[in-house]
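Trainee: Pasted the sequence and its predicted model underneath.
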Amino acid sequence: MLKIVADANVYISAILFGGKPEEIIGLARQGRIELLLSGAILDQVARVLKRKFDWSDWQISEVIDELRSLAILITPKQTLAIIKEKESDNRVLECAVEGKAQYIVSGDKRHLLALEKFQGIEILSPAELLKLL
């Protein structure tokens with residue numbers, strides 16, 4: 001089964017706007033892909049929902065619990081500093097490396113998608129991943 005790490009913006013987009021990011025979450029629900037998550041990615045999702053969208057702690061807790069139930073929680077042992085401009089993207093890379101993911105899914109054109117590949121892990125947009133599947 002394909003192991004995939006999605007960055008926080010994919011989860012935020014899926015939760016708030018649906019579309020292709022939501023289709024990816026649906027594939028995990030159906031057991032067609034394996035989502036890998038780390039505490040750092042979950043923390044970023046929670047921070048963004050709180051700060052940018054003014055979600056209540058209860059709403060955030062519900063979403064985080066659901067994401068935990070859909071994914072395998074990874075605890076990276078190494079700290080990477082590959083992307084200097086956006087430290088949180090390094091947490092995504094760490095999760096993918098530790099979990100031996102085949103793909104990282106991101107909507108971040110400036111940082112993650114610009115890498116294209118990291119340690120053999122392809123970095124794709126949600127649309128690219130769905131086309132591949």
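Mentor: Happy to help now that I have it.
Trainee: contacts and neighbour counts: CA atoms only from here.
Mentor: Fine.
Trainee: Contacts for the helix or strand of the chain with the lowest mean pLDDT, please.
Mentor: Lowest by mean pLDDT, DSSP states H and E among the helices and strands of the chain is helix 112-115, with a mean of 94. Contacts to helix 112-115, defined as C-alpha atoms under 8 Å, 6 or more residues apart in numbering, come from residues 89, 106-107, 123-125.
Trainee: Identify each buried residue in that helix, please.
Mentor: Across helix 112-115, burial judged by 16 or more other C-alpha atoms under 10 Å covers 112-113.
Trainee: Let me see the ranges of the helices in this structure.
Mentor: Assigned by DSSP state H, the chain shows helices spanning 8-17, 19-29, 39-51, 57-70, 87-98, 112-115, 126-132.
Trainee: and these as TSV, adding distance to Met1?
Mentor: Shown next, in TSV, are those (distance: least, C-alpha to C-alpha, whole Å):
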stretch	distance to Met1
helix 8-17	20
helix 19-29	11
helix 39-51	22
helix 57-70	14
helix 87-98	15
helix 112-115	23
helix 126-132	14
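Trainee: Of the ones you listed, which stretch is the most buried?
Mentor: Mean neighbour count, computed with mean count of other C-alpha atoms under 10 Å, is highest for helix 87-98 among the helices of the chain, reaching a mean of 22.
Trainee: what's that helix packed up against?
Mentor: On a contact count with 3 or more C-alpha pairs under 8 Å, 6 or more residues apart in numbering; DSSP states H and E, helix 87-98 meets strand 3-6, strand 34-38, helix 39-51, strand 103-105.
Trainee: residue contacts, Leu37?
Mentor: 5-6, 68, 71-74, 95.
Trainee: Looking at those residues, which one is closest to Lys84?
Mentor: Proximity of the contacts of Leu37 to Lys84 (C-alpha to C-alpha) peaks at Cys95, which lies at 17.1 Å.
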